[in-house]
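Colleague: Below are the sequence and a predicted model; questions follow.
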Amino acid sequence: MLQETKPLRMGKTIHSIRADDWHRRDRCGTFYGERQLARACKDGADMTFQRVLILEDNLIIAMEAEEILRLVGIQQIEIASNLEQAVNAVHSEHYDFAMLDVNLGESTSFGFARLLMDRGISFGFVSGYSDTLDFPADLRHVPLLNKPFDEQSMRLFVRTLAAGGSDAM
């Protein structure tokens, strides 16, 4: 029997706790294995956000985030692997929110985060580090999803952003 786990919230950071990495729940609450696809919920459950930009330089992590976002009900997902692609994306398309990997090799996503703030686009950070003390002071209030993440912690992250970001934390 698989033990259900819930994401932990520590300050502004959301941590996942995986009881069994192979099993996950689809957005209807049904467990599935890694080779099964999630089914649509009978109740038509849906998330507030419909179009998401993922800024992540690691393709495997970006694809996992995309898969999990689909499980929580978001179908239009774009992946940018660097700042140039991300800037071009927000200049040409509308996004409901963005997930920003903090560390992008030799740069960070902090400048891009400020561009999103200027445009009124909700966003949250994703990082393997849970300490936000090194973040610029004006961005320490932004929700942070800690890697590795799972479906439950992603759902909490999306709900936090939908509720207004730091107000819900």
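Modeller: Noted; the coordinates are in hand. Residues are numbered from 1 along each chain as shown.

Colleague: Going by C-alpha atoms from here, please, whenever you check contacts or count neighbours.
Modeller: Fine.

Colleague: mind listing the helices for the chain?
Modeller: 59-71, 83-92, 110-119, 151-162 (DSSP state H).

Colleague: Comparing these, which comes out most buried?
Modeller: helix 151-162 (a mean of 22; mean count of other CA atoms under 10 Å).

Colleague: Summarise which helices and strands that helix is packed against.
Modeller: strand 13-15, helix 59-71, strand 122-127, strand 144-146 (3 or more CA pairs under 8 Å, 6 or more residues apart in numbering; DSSP states H and E).

Colleague: The second one vs helix 151-162, what angle?
Modeller: Calculated by axes from the mean of the first three to the mean of the last three CA atoms, to 10 degrees, helix 59-71 forms an angle of 70 degrees with helix 151-162.

Colleague: Number the chain from 36, please
Modeller: Right, with 36 as the first residue, what we last looked at is helix 94-106.

Colleague: who does helix 94-106 touch, helix- and strand-wise?
Modeller: Under the contact rule (3+ CA pairs under 8 Å, 6+ apart), helix 94-106 is packed against strand 86-90, helix 186-197.

Colleague: as a whole number, average confidence for the longest one?
Modeller: Averaging the model's pLDDT scores along helix 186-197 yields 92.

Colleague: just the first one next, same as before
Modeller: In this model, strand 86-90 has an average pLDDT of 96.

Colleague: Provide a list of residues in contact with the nearest residue to residue 86 once chain neighbours are set aside.
Modeller: Among residues not flanking residue 86 along the chain, residue 111 sits closest, at 4.7 Å (CA to CA, 6 or more residues apart in numbering). For residue 111, the contacting residues are 85-87, by CA atoms under 8 Å, 6 or more residues apart in numbering.
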